[in-house]
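Student: pasting the sequence and the predicted coordinates here, then a few questions.
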Amino acid sequence: FPLIPDKQKSQPIQPKKQPITERQVAETQPVKEETRKRPFTATDVPSPVYAFNKRPSKFEFAVTETEELSTIQEDLTIAPVDLLDSAEAETIAFDTELNRQIEEEVVSVPVTEEVVTEQPEVEVTPEPVEQQEPARVSLITEEPTQTKTTTRSKQVESNRQEQLLKSRIPFNVMMVKKDKQALQKEEAQEINVQQPVEVEAEQMNTVREAQVTTASYPTNYEFPSFSLLHPPVSKREDDSWLQMQQEMLDETLENFNVQASVVNRTQGPAVTRFEVQPEKGVKVSKITNLTDDIKLNLAAKDIRIEAPIPGKSTVGIEIPNQTSRPVMLSELMNTEAFQSSTSPLTAALGLDISGTPIITDLQKMPHGLIAGATGSGKSVCINSLLVSLLYKATPDQLKLLLIDPKMVELAPYNRIPHLVSPVITDAKAATVALKWAVEEMERRYQLFSHTGVRNMEKYNEYASHPDHTGEKLPYILIVIDELADLMMVAPNDVEESISRIAQKARACGIHMIVATQRPSVDVITGLIKANIPTRVSFSVSSQIDSRTILDASGAEKLLGKGDMLFLPSGASKPVRLQGTFVSDEEIDAVVAHVRSQGEADYIFEEQELLVKETAKENTDELFEEACDFVLSQNAASTSLLQRHFRIGYNRAARLMESLENHQIVSGINGSKPRDVIITKDQLAKLRNKES
């Protein structure tokens, strides 16, 4: 269809008429009057300078001044009434000057009449001054009253000027160290001036109480007497038997065409050693290869050949005696080597083949490893070491940490004052106790570094000096009766703790003796063996076990019942000893005497260690971080913990359950995240209670 154009409108275009409105002039139009210059006036808006608190008004300044005037006027008890009136006149004049200065510096809300009405209420009348006058006369020295009033007025003026300066300083300005020292001096002077007699009385009371407490404890520690031990067994030498054995040994060597002869013989408590000197050109291996043949001809239980004897040009052939003689502990206690030793860690081990006593010092040891089969004498050796230490060390010099998984060997030593804790019998508690020893080692080394000393002897000398503060540190001896049981429960923790103590603890006075009846590689690891230089081996079942302990063979040929090889620190070859024997009666008698000297002061209990260990096992390492994270997010969910800490679902679910058990988050809320029902302040209080 064709488009038909519209017709144009013929009406003329006229502009729209806008309605004319009158301008409404504001009533507050004179702006020029507000823009004129005027001094700054403080507003009622809280300022950060005053920690967003209300600004102090002149009324507050005036009230504090009048309160100070009242307290100062109460101290001026002996001054006459006319002097007090003059002092009040001076203070009123000073108040007017102070108010005028405040008005000039800070223009604030005009002072109301309340200040004038409040001041007379705070003023002190002279009546209570007359009542308090006789009670305070005896405490004040004889000085003229006029000088006192003038000094008091000066102090009042200085205090007011200081308060005026302090009122101008905002609350959030940090105090300088010099200001703190000056403030402490002023407080000390005020205390000395106001209450000299009361402080002296308090000091006298504290001194008396300290004297009573120190007198209640025994001053001198008495060591056990040697009469508590059994006397030594008399020696018996059978010369005819020794001569017959020597002749048979010469005959055996001659029958095998070995050109050698017996030169000397020495009889010990359990073994006799024949010294064979080969002629020139004879190999030592010819004699060592005849071990079984010599045993056959002499009809001996077992023999041991030492080729050559250290320091001699002879070969030693050790043959057991017909009847062995036990070495009692009193035999070594009565020797000059033991009694002349000044070290509190002196221990008696036994007698060698020649009959000389072997006395060792645990400071030089410094750690020991004792191994042997069941019934070979390990526990008897440990008991003899402990009893000999009780004869040399006081509870202030030595502390013992005894770990006995067998539960019976070290039980008699309970309740002696030398113990750090009761004898530990639980394997888990033993691992925690070893960790405590590691922490104690680190703490002692921090003390040494702060004082600038290198070992414990120097630190005790430093602490005993009157100019220095600090307590003397005792030696700590850790005794583990059965290492194999601990290694089965927690091998990694036990090995780490033992190796750390063996590596570093010598200089800080912590020593360790470890015993085991299974000297295999999985029990005595290379890390433990490398850090324990002193070894004691009793009779073992195989040559492999002997090499594990001593790095040499020979322990498999020992006789048992205290027969041992002692390898001291730094020695190349072990020494054969007959260990000391201590009966149960002797142990009970010595322990009873030690208990009578004082009560045991335990640092921790075995049950406390178990509670801590179970708490560590139940709580996750991420629990503290999870608490902080949940509080920061104000919501908690398992998936949120998974994503943030990058852990699996099971661990995140356990964390969420522990948070719910500690009442940090709410229960399950369907598919929605859990609510946080604790604040940061409440969490901090809970942590402080737990710590």
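Tutor: That came through, no problem.

Student: give me the buried positions along stretch 639-650.
Tutor: 640, 641, 642, 645, 647 (16 or more other CB atoms under 10 Å). The way it works is simple: take the backbone N, C-alpha and C, and place the C-beta from them, glycine included.

Student: pull up the distance across that stretch, start to finish.
Tutor: One end of stretch 639-650 to the other measures 11 Å (CA to CA, to the nearest Å).

Student: ditto for stretch 254-266
Tutor: Start-to-end, stretch 254-266 (CA to CA) is 22 Å.

Student: what do you get for stretch 292-307?
Tutor: End-to-end for stretch 292-307, by CA to CA: 16 Å.

Student: now it: mean pLDDT?
Tutor: Across stretch 292-307, pLDDT averages out at 88.

Student: burial count for the nearest residue to residue 503 once chain neighbours are set aside?
Tutor: The spatial neighbour of residue 503 that comes closest, neighbours along the chain excluded (CB to CB, 6 or more residues apart in numbering), is residue 531 at 5.3 Å. By other CB atoms under 10 Å, the residues close to residue 531 number 18.

Student: do residue 359 as well
Tutor: 21.

Student: quick check: which element contains it?
Tutor: If you go by DSSP states H and E, residue 359 is part of strand 357-361.

Student: buried residues, that strand. List them.
Tutor: The neighbour-count check on strand 357-361 (16+ other CB under 10 Å) flags 357, 358, 359, 360 as buried.

Student: what sits against the third one?
Tutor: The one in question is residue 359. By CB atoms under 8 Å, 6 or more residues apart in numbering, the contact set of residue 359 is 332, 335, 337, 338, 341, 346, 347, 348, 349.

Student: may I see these arranged in a markdown table, with neighbour count and distance to residue 522 as well?
Tutor: Below are the contacts of residue 359 laid out as a markdown table (neighbours: other CB atoms under 10 Å; distance: CB to CB, whole Å):
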| residue | neighbour count | distance to residue 522 |
| --- | --- | --- |
| 332 | 22 | 35 |
| 335 | 16 | 40 |
| 337 | 13 | 39 |
| 338 | 18 | 38 |
| 341 | 16 | 38 |
| 346 | 21 | 34 |
| 347 | 27 | 29 |
| 348 | 28 | 32 |
| 349 | 25 | 28 |
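
Student: pick the one among those closest to residue 385.
Tutor: Checking the contacts of residue 359 against residue 385 by CB to CB gives residue 347 as the nearest, at 4.7 Å.

Student: what's the pLDDT at the residue nearest to residue 447 when sequence neighbours are not counted?
Tutor: Closest residue in space to residue 447, ignoring its immediate chain neighbours: residue 459 at 6.7 Å, by CB to CB, 6+ apart. With respect to pLDDT, residue 459 scores 91.

Student: what do you get for residue 455?
Tutor: You'll see residue 455 listed with a pLDDT of 87.

Student: from residue 437, how far out is the residue nearest to it when sequence neighbours are not counted?
Tutor: Sequence neighbours aside, residue 507 is the residue nearest to residue 455 in space, at 4.7 Å (criterion: CB to CB, 6+ apart). As judged by CB to CB, to the nearest Å, residue 507 and residue 437 stand 15 Å apart.

Student: for the residue nearest to residue 503, grab phi and psi.
Tutor: Torsion angles at residue 531 (phi, psi; degrees, to the nearest 10) stand at phi -100, psi 0.

Student: over to the one 10 residues further on?
Tutor: Backbone geometry at residue 541, expressed as degrees, to the nearest 10, gives phi -90, psi -30.

Student: cross-check the contact I'm expecting between residue 337 and residue 357.
Tutor: Yes - contact criterion CB atoms under 8 Å: residue 337 and residue 357 qualify, at 5.7 Å.

Student: would you list the buried residues of stretch 639-650 in JSON lines and tack on secondary structure and distance to residue 516?
Tutor: Output for those, formatted as JSON lines (DSSP: H, G, I helix; E, B strand; the rest coil; distance: CB to CB, whole Å):
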{"residue": "640", "secondary structure": "helix", "distance to residue 516": "49"}
{"residue": "641", "secondary structure": "helix", "distance to residue 516": "44"}
{"residue": "642", "secondary structure": "helix", "distance to residue 516": "45"}
{"residue": "645", "secondary structure": "helix", "distance to residue 516": "41"}
{"residue": "647", "secondary structure": "coil", "distance to residue 516": "39"}
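
Student: can I get the residues you listed in a markdown table including distance to residue 299 and pLDDT?
Tutor: Listed next are the buried residues of stretch 639-650 as a markdown table, based on distance: CB to CB, whole Å; pLDDT from 0 to 100:
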| residue | distance to residue 299 | pLDDT |
| --- | --- | --- |
| 640 | 82 | 91 |
| 641 | 77 | 91 |
| 642 | 77 | 92 |
| 645 | 74 | 90 |
| 647 | 71 | 91 |
